[in-house]
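A.B. asks: Would you be able to build a 3D model of this:
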Amino acid sequence: MSAPNVSQNFPQLKNDLILRAARGEKTEKTPVWVMRQAGRYLPEFKEMRAENEFFHVCQTPSLACEVTLQPIKRFDLDAAIIFSDILVIPQALGLEVQMIPGKGPTFDDPITKVSDLGRLKKNVDVNESLGYVFEAISLTRHKLEGKVPLIGFAGSPWTLMSYSIEGGGSTTFSSSKAWLYQNVDASHQFLQLITDVTVDFLVGQVLAGAQV
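C.D. replies: Reported below is the predicted structural model:
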């Protein structure tokens, strides 16, 4: 994987509290960020979502940056977390995922049998398929002007495999657990594919400017 083509001349960081806490160092106070801080409850986010489909926001660096910065402008938080979604990886693998209002993430054609793995892309170039996330991270690092660090993230391989098999969220994971026990070798294959893409994706986020 080649490094994302981004500038590394980021503004000097003014608040490294969460970085010191992550390293296990003593801090003068507990750093604060909120897992869902980039959106949902903010009126400015709801206004943007009324005009833009969810994944369109994720895939448009300027919009993802704007949403990431919205809570930072309102509250005295110690970190920003890039606006994205864990399901961008299944999308990069070739699966169609939509965010249905009132229902949540929905896979148009989930993985239901072993032969379905043949539909997945085997050699994913994350810079090509997920470069919009890297661009959003780099842009946001500059727009933050060093106020707080920027968090990147990805979903675990099991979570992503479960979504891909269930076709969406689940409280029991019955289909994915059944798939796992009935298709042991294929499960290892699927999990390894997701893992390889996730590793490249996380490395790309660091190269693009994610600090946590």
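A.B. asks: Give the buried residues for the helix or strand of the chain with the lowest mean pLDDT.
C.D. replies: Lowest mean confidence among the helices and strands of the chain (mean pLDDT, DSSP states H and E): helix 43-51, at a mean of 91. Residues of helix 43-51 classed as buried under the neighbour-count rule (16 or more other CB atoms under 10 Å) are F45, M48, R49. (C-beta placed from N, C-alpha, C; glycine too.)
A.B. asks: same question, stretch 122-142
C.D. replies: Neighbour-count burial for stretch 122-142 [16+ other CB under 10 Å]: 124, 126-127, 129-131, 133-141.
A.B. asks: can you list the residues that contact that stretch?
C.D. replies: Contacts of stretch 122-142 from elsewhere in the structure, counted by CB atoms under 8 Å, 6 or more residues apart in numbering, are 1-2, 4, 6-7, 10-11, 58-62, 64-65, 68-69, 80, 82-84, 88-89, 91-93, 150, 152, 193, 197, 200-201, 204-205, 207-210.
A.B. asks: Three-state assignment for the residue of the chain most remote from its centre, please.
C.D. replies: Largest separation from the mean C-alpha position in the chain: E28, at 29.9 Å (CA atoms, centre = their mean). Three-state assignment for E28 (DSSP: H, G, I helix; E, B strand; the rest coil): coil.
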